[in-house]
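Asks: what's the 3D shape of this:
(2 chains)
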Amino acid sequence: MSLYLSIAIIVLIFVVIFQIAKASEYVSILKGEENSRKQNNKINGFLMIAFLVLGFVGVYVCNDLYFGKTLLAQPAASVQGEKVDEMLWITLAITGIVFIATQILLFWFAYKYQEDDNRKVFFFAHSTKLELIWTAIPAITLTVLVVFGLRNWFFFTGDAPKNAMVVEVTGKQFGWIFRYPGKDAVFGKKYYKNIDPATNSVGIIWDDKFSQDDILTEQTMYVVKGQPIKLIIGSRDVIHDVGLSHFRLKMDAVPGIPTTMWFTPKYTTKEMKEITGNANFAYEISCDQMCGNGHYSMKGIIEVVEQEEYDLWLAKQKPQYYTAFPDKDPEAAKAAAEAAKTATADSTAKKATAKN
Amino acid sequence: MSHEAALHTSLGHDDHGHHEHHDTFLTKYVFSQDHKMIAKQFLITGMVWAVLGGLMSVLFRLQLGYPDASFPWLESILGKWAKGGQITPEAYYALVTTHGTVLVFFVLTAGLSGTFANFLIPLQIGARDMASPFMNMLSYWFFFAASIVMLSSMFVETGPFSGGWTAYPPLSALGDASPGSKTGMDLWIIAMALFVVSSLLGGLNYIATILNMRTKGMTMTRLPLTIWALFFTAILGVLSFPVLLSGLILLIFDRNFGTSFYLSDIFVNGVGALSNEGGSAILYQHLFWFLGHPEVYIILLPAMGMVSEILSVNSRKPIFGYMAMLGSLFAIAALAFLVWAHHMFVTGLNPFLGSVFVLLTLLIAVPSAIKVFNWLTTLWRGNIRFTPGMLFAIGFVSLFISGGLTGIWLGNAALDIHLHDTYFVIAHFHIVMGVASMFGMFAGVYHWFPKMYGRYLNNSLGYIHFWVTMAGAYLIFWPMHYEGLAGMPRRYFDFSIWESFKQFAELNRFISTVSMIVFAVQILFLINFFYSIFKGRKVTTKNPWESNTLEWTTPINPGHGNWPDEIPEVHRWPYDYGKDGVDFIPQDVPVGENESSH
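Replies: Model (predicted):
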């Protein structure tokens, strides 16, 4: 009902506007087309300068309302991010000056040189000097930006420091899986045909001796403040993207082609809660590459913690090998009650069927 | 040579002109071979798509602006796609994808260069028709067929394709990964293949016509800048569209015949591991963007050309720096082929390769800057008439500046690594490519409507249309830069679970509301357009804008063949406005004895 009502109102408004516009045409014929054309020209000339002024007011208001919500209003959470922010500011300054200058010229000229019977236009078809000036200035400015940008780019994409902690990130529809190499600091080999959603979500080859202490977690990744972290990124199905807006970085997760990214976190999650004044703050991993109908819900979390807390967390993690083969778990063997064993096996089997 | 060619065709077509009264309804309005009628066919089909594509954006903006509200009427229109009055994620992604595909290809490629290349090339170079009117007709009908197939994809059970207009595999290759990638994707590929054929038939014709059929005296450097822009556009299309087609053919093979061009190491939930190994999903992106980036300029260049022409005519001043404008068009067209990987900085591309693309991408800013400064200088000390066409041309320059400058941010890989696929990108390309080119198209329609239909569009409605759209475009897209700087990702159905992004709910509602108002005003334009075709104020002089170019030497309602008698001979460039104190000197006026050279 309300739909029909709003459609009726819109139609009514259209009819009114249209009739007024038609009427203005007849009026202009009565008044003399030349006169009314000149009058319209004056109105539009005035609107040009009004648009310029209101536009800048709008930019100011928008900035006032929303700058505080952008990431530029808070410190970058990684060393890389600080460089990104620095570049953002430089680029903003340069493009901002050009933006203001050219928009003022455009609308000012439009206003100033609106039709006037007394003006004789200036026949000015070309000037090599002017062309050279506005070829050279942009070229020089852009060279500066390219040099700045590439220095950072090679730093971002360059090798991670030797002491970097390595974590493997795997995207899937619609979530994230993290693998830590365990005590031996080497990832076991994997092959996608070994994937079993219940017990082996990334397809680890259990025969590889490096694989048996690998730790798998889902949705939340723990990293240590101040220690460089290198991500080895892959995908199980379609292309995803590890988007880390607070660290100012992102990298695609492509099936079959591993990619890497490294960064050094500067603040723990707890510290960041204080800095942003938001008790719910979290380092969210957003999927930044269209990956299907659940794309918008593909969220992961990075917990940045101090070393001690990380060690405590790590100590609680059990290698995935023991989830896959509960009978090989030394702790389970210690407890060793027959009944308990069958129960675990049952539940695993159930899980597997449920997922399928 | 061009003289001979023109003479030859003029004879051929004179024949045709004499038999014009034999045209039936079918040959005059449907299977027409008159370039002017084909242009109108492209324009009106493009307008239908623009309305559909715009309506789609209104629907998904409804979801973004009011994620919690329920609109029962949506369910009555969309059925299962809007259960309980709320758009489902499936429908949302289908709408986003189709909006992108339709606007980029069907509206801003076919609707823009299809319309104006067809309409203006023969009229402005002084030819009776295209080099091959039959191929030209085929070009439209292939586009029409593409439209029908694309439209039909919206009615299949599993929905239209919903993986984004770029259609990256594996998502686009695997029906099990997304229902939209089933039959919907097959139809999408077929529609795009037909579309590529259409644009090749058109493009070859445009190039052949411009090179061979110019009238006597119309040397290449006497061509209006519109023609130069359409010429480079056609070359870009002819060289890049086949690459898209090849990419899509490989995709068909992967989808239907078990090959592994793009697929490797894939495990699909609920299906299991696929047998494909050794393919590269990134290969598709190279093929796609090898078209995709020139495509941006296929969209933008015609708008630039028309804006150059309209600014000059209505400033009553020559376009400043004709040769520099031409050189920068050439530079942009050439660089367009060398920057495609800047869409792929975060795909794991070799960083060195990335650095080359940074350099080449930012290089494009130089010819773009030249164009902007030349447009500004054209206005300087002119005598400006604010026709609706002129307003849209000025709006184009403003938007091109705003959107072009953010390109300098995104083209720099070190910033793209942060801003890639955020709302910042949406703001950037909508302003510089979407809305700006749309403004170019509006400018063209308002300016050449009198030539198309022998009547004027209503001016007052044109002014309302311009000012609301201009203000609306900035109100919609300017704040999106801020969302992007907060890292807010594109193509999200809902932000409510995201601590980092849900803070923009109120702003999203504002943007959605403005977008609906702007859409409503476009309807006003449509009413103006169709009403004025039949009832608009009649054009009473041959040359209503007092313009120099040849199309205004034809009769008010030119028939097939354009000039009833001989095609005028050209004696000068098209921008003699205000020369020696004379307001304008059309191209067919011989150079006077005492005339100064420019």
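
Asks: Looking at the stretch 151-300 of chain A, which residue is nearest chain B?
Replies: Here the residue of the stretch 151-300 of chain A nearest chain B is A:S245; by CB to the nearest CB that distance is 2.6 Å. For every residue, glycine as well, the C-beta is placed using N, CA and C.

Asks: what's the burial count for that residue?
Replies: Residues lying near A:S245 (other CB atoms under 10 Å in any protein chain shown) number 27.

Asks: Do I have it right that it meets B:H418?
Replies: Yes. Between A:S245 and B:H418 there is a contact under CB atoms under 8 Å: 7.5 Å.

Asks: what about stretch B:203-212, distance to the chain center?
Replies: Stretch B:203-212 has its average C-alpha position 19 Å from the chain's average C-alpha position, going by CA atoms, centre = their mean, to the nearest Å.

Asks: Quick one: residues in contact with it.
Replies: B:1-2, B:5, B:117, B:121-122, B:125, B:127, B:130-132, B:135-136, B:139, B:223, B:227, B:230-231, B:233-235, B:237-238, B:241 (CB atoms under 8 Å, 6 or more residues apart in numbering or on different chains).

Asks: give me that answer again for 6 Å
Replies: B:5, B:117, B:121, B:130-132, B:135-136, B:231, B:234, B:237-238 (CB atoms under 6 Å, 6 or more residues apart in numbering or on different chains).

Asks: quick check: domain ranges of chain A?
Replies: As given by automatic domain parsing, the domain ranges for chain A are A:1-31, A:33-115+A:124-157, A:165-324, A:328-356.

Asks: would a markdown table of these with mean pLDDT be doable?
Replies: A markdown table is the format used below for the domains of chain A (pLDDT from 0 to 100):
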| stretch | mean pLDDT |
| --- | --- |
| domain A:1-31 | 84 |
| domain A:33-115+A:124-157 | 95 |
| domain A:165-324 | 95 |
| domain A:328-356 | 61 |
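
Asks: Could you give me the buried positions within stretch A:12-24?
Replies: The neighbour-count check on stretch A:12-24 (16 or more other CB atoms under 10 Å in any protein chain shown) flags A:17-18, A:21-22, A:24 as buried.

Asks: hmm, back to that, list the contacts of the residue of the stretch 151-300 of chain A closest to chain B.
Replies: By CB under 6 Å, 6+ apart, the neighbours of A:S245 are B:G487.

Asks: Farthest-apart pair in the contacts of stretch B:203-212, please.
Replies: B:A5 and B:G237 (23.0 Å; CB to CB).

Asks: Compare neighbour counts for these two and give me the winner.
Replies: Using other CB under 10 Å, the more surrounded residue of B:A5 and B:G237 is B:G237, with 26 against 18.

Asks: Confirm for me that that one is in contact with B:I298.
Replies: Yes. Using CB atoms under 6 Å, B:G237 is in contact with B:I298, at 5.3 Å.

Asks: chain center to stretch B:448-457: distance?
Replies: Taking mean C-alpha positions (CA atoms, centre = their mean), stretch B:448-457 and its chain are 21 Å apart.

Asks: contact partners of that stretch?
Replies: Residues from elsewhere that reach stretch B:448-457 (CB under 6 Å, 6+ apart): B:446, B:528, B:532-533, B:536-539, B:544, B:551, B:556-557.

Asks: neighbour-wise, which of those leads?
Replies: Top of those by neighbour count (other CB under 10 Å): B:Y446, with 26 neighbours.

Asks: Dump the helix or strand containing that one to CSV, restricted to CA.
Replies: Assigned by DSSP states H and E, B:Y446 falls within helix B:436-453. Only the C-alpha atoms of helix B:436-453 are listed here, as CSV (Å, rounded to 0.1, in the frame of the first residue of the first chain):
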residue,chain,number,x,y,z
ALA,B,436,32.1,11.0,-15.8
SER,B,437,31.4,8.9,-18.9
MET,B,438,27.7,9.0,-18.2
PHE,B,439,28.1,12.8,-18.1
GLY,B,440,29.9,12.7,-21.5
MET,B,441,27.0,10.6,-22.8
PHE,B,442,24.4,13.1,-21.5
ALA,B,443,26.4,16.0,-22.9
GLY,B,444,26.4,14.2,-26.3
VAL,B,445,22.7,13.5,-26.2
TYR,B,446,21.7,17.0,-25.2
HIS,B,447,24.1,18.5,-27.8
TRP,B,448,23.2,16.2,-30.8
PHE,B,449,19.5,15.6,-30.0
PRO,B,450,18.5,18.4,-32.4
LYS,B,451,20.4,16.6,-35.2
MET,B,452,19.0,13.3,-34.3
TYR,B,453,15.3,14.2,-34.1
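
Asks: List the buried residues in it.
Replies: B:436-453.

Asks: Output the contacting helices and strands for the helix or strand following it.
Replies: For helix B:436-453, the following helix or strand on the C-terminal side (DSSP H and E) is helix B:459-485. Contacts defined by 3 or more CB pairs under 6 Å, 6 or more residues apart in numbering or on different chains; DSSP states H and E place helix B:459-485 against helix A:2-31, helix B:388-410, helix B:423-429, helix B:505-535.

Asks: Check which helices and strands the third one is in contact with.
Replies: Helices and strands in packing contact with helix B:423-429 are listed as helix B:388-410, helix B:459-485; criterion 3+ CB pairs under 6 Å, 6+ apart.

Asks: Count the neighbours of the residue of chain B found nearest chain A for me.
Replies: As assessed by CB to the nearest CB, chain A sits closest to B:G487 within chain B, at 2.6 Å. Neighbour count for B:G487, taken as other CB under 10 Å: 26.

Asks: nearest residue to B:F386 other than its sequence neighbours?
Replies: A:N44 (3.7 Å; CB to CB, 6 or more residues apart in numbering or on different chains).

Asks: ok, the one you found touching B:R385?
Replies: No. Between A:N44 and B:R385 no contact is recorded; they are 9.4 Å apart, counting by CB under 6 Å.

Asks: So which residues make contact with stretch A:199-214?
Replies: Against stretch A:199-214 from outside (CB under 6 Å, 6+ apart): A:170, A:177, A:179, A:182-184, A:186, A:188-192, A:194-195, A:319-321, A:323-324.

Asks: quick check, distance from it to the centre of its chain.
Replies: Per CA atoms, centre = their mean, the centroid offset for stretch A:199-214 relative to its chain is 32 Å.

Asks: Stretch B:490-506 now?
Replies: For stretch B:490-506 - counting by CA atoms, centre = their mean - the centre lies 30 Å from the chain centre.

Asks: So is that stretch next to chain A?
Replies: Yes. Residues of stretch B:490-506 contacting chain A under CB under 6 Å from any CB of the partner chain: B:491-494, B:499-500, B:503.

Asks: now those residues in CSV, with pLDDT?
Replies: CSV is the format used below for those (pLDDT from 0 to 100):
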residue, pLDDT
B:R491, 95
B:Y492, 96
B:F493, 95
B:D494, 94
B:E499, 93
B:S500, 93
B:Q503, 94
